[in-house]
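Engineer: need a structure here:
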Amino acid sequence: MAIEQNTTTAKEKILKKVRQALIFKSKAMYANIDLESNVYTQPQEQELLLESFARNFTEAQGQFVYCDNKFDFIDKLLTLVERKRLKQIHCWEDDIQAQLKDSGVAFVADKTLIDKAIVGITSCESLVARNGSILLSSVKNGRAITIFPQIHIVVAYTSQVTIEMKEAMQMVKNKYGRNMPSMLSFTTGPSRTADIERTLIIGAHGPKELFVFLIDDQHQSH
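Structural biologist: This next block holds a predicted model:
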């Protein structure tokens, strides 16, 4: 009498168990678990939101400057320009150019001279408090003005501060609708790399210094 040999391999046994598990599903122990809500604690007040951005941005080696209003912004920008003796300041946005003209700050608007820029001044789409990031777009500026200059100055407003990247992107969608910018990028601190002999190098692929001048536009008294 011949003895039947079991030729089922270990792989086939595992696959059989997987198939059985798919057919006979066990009852979910936590049927009402929420997988959509944010797991992080949300700041309840605007002041805490601004404080969170400032802390995370400076921890990423960014330089944060709070401004009570547009006049305070010009005053503090002039102080920075004089203190660091900044030259070759490039700006391509009409509204910021108007403020620079009123304050007497010389700037270059010719985009073909960007390779000579030392400072680039731009606006942004929003600021992300969670990680201290800046959301930039190509609507008013190309990517060149955020990369070529050694110093990048971002002019932002308190109404642009969001808690998460998801909210920042939603703000852009609400603003532009179907006409989304061709380029969106998140920037967190000055450019850096540790690829070269494991040595941290600041400014390897972009600006060595990153400033955010945050203008308060949410208080009536200002």
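
Engineer: drop to CA atoms for contacts and neighbour counts, all remaining ones
Structural biologist: Will do.

Engineer: What's the separation between the residue lying closest to S138 once chain neighbours are set aside and P190?
Structural biologist: Counting by Cα to Cα, 6 or more residues apart in numbering, S138 lies nearest to M183, which is 5.2 Å off, once chain neighbours are set aside. The gap separating M183 from P190 is 19 Å, by Cα to Cα, to the nearest Å.

Engineer: So which of those two has more stuff around it?
Structural biologist: P190 (22 against 12; other Cα atoms under 10 Å).

Engineer: Just confirm the more buried one is within a strand.
Structural biologist: No: per DSSP: H, G, I helix; E, B strand; the rest coil, P190 lies outside any strand segment and is coil.

Engineer: Q150 is in contact with that one, correct?
Structural biologist: No: P190 lies out of contact with Q150 (Cα atoms under 8 Å); the separation is 9.5 Å.

Engineer: list the contacts for K173?
Structural biologist: M180 (Cα atoms under 8 Å, 6 or more residues apart in numbering).

Engineer: And it, which helix or strand is it part of?
Structural biologist: Using DSSP states H and E, the element containing K173 is helix 165-176.

Engineer: Restrict that helix to CA atoms and write it as PDB.
Structural biologist: Included here for helix 165-176 are C-alpha records, laid out as PDB according to Å, rounded to 0.1, in the frame of the first residue of the first chain:
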ATOM      1  CA  MET A 165       0.900  72.100   5.300                       C
ATOM      2  CA  LYS A 166      -2.600  70.700   4.400                       C
ATOM      3  CA  GLU A 167      -4.200  74.100   5.500                       C
ATOM      4  CA  ALA A 168      -1.500  76.000   3.600                       C
ATOM      5  CA  MET A 169      -2.300  74.100   0.400                       C
ATOM      6  CA  GLN A 170      -6.000  74.600   0.900                       C
ATOM      7  CA  MET A 171      -5.400  78.400   1.200                       C
ATOM      8  CA  VAL A 172      -3.700  78.300  -2.200                       C
ATOM      9  CA  LYS A 173      -6.600  76.300  -3.700                       C
ATOM     10  CA  ASN A 174      -9.100  78.800  -2.300                       C
ATOM     11  CA  LYS A 175      -7.100  81.700  -3.700                       C
ATOM     12  CA  TYR A 176      -6.400  80.500  -7.200                       C
END
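
Engineer: buried ones in that helix?
Structural biologist: Within helix 165-176, the residues that count as buried by 16 or more other Cα atoms under 10 Å are M165, A168, M169, M171, V172.

Engineer: List just the nearest of those residues to G132.
Structural biologist: The shortest approach to G132 among the buried residues of helix 165-176 belongs to M165, at 10.2 Å (Cα to Cα).

Engineer: So that closest one sits against E125, correct?
Structural biologist: No: at 11.5 Å, M165 does not count as touching E125 under the criterion of Cα under 8 Å.

Engineer: Tell me which helix or strand comes right after the least confident helix or strand in the chain by mean pLDDT.
Structural biologist: Sorting the helices and strands of the chain by mean pLDDT, DSSP states H and E puts strand 201-202 at the bottom, at a mean of 44. As assigned by DSSP H and E, the chain's next helix or strand after strand 201-202 is strand 209-215.

Engineer: Which parts of the protein are strands?
Structural biologist: With DSSP state E as the criterion, the chain has strands at 63-67, 89-91, 119-122, 126-128, 133-137, 151-157, 161-162, 184-187, 192-193, 201-202, 209-215.
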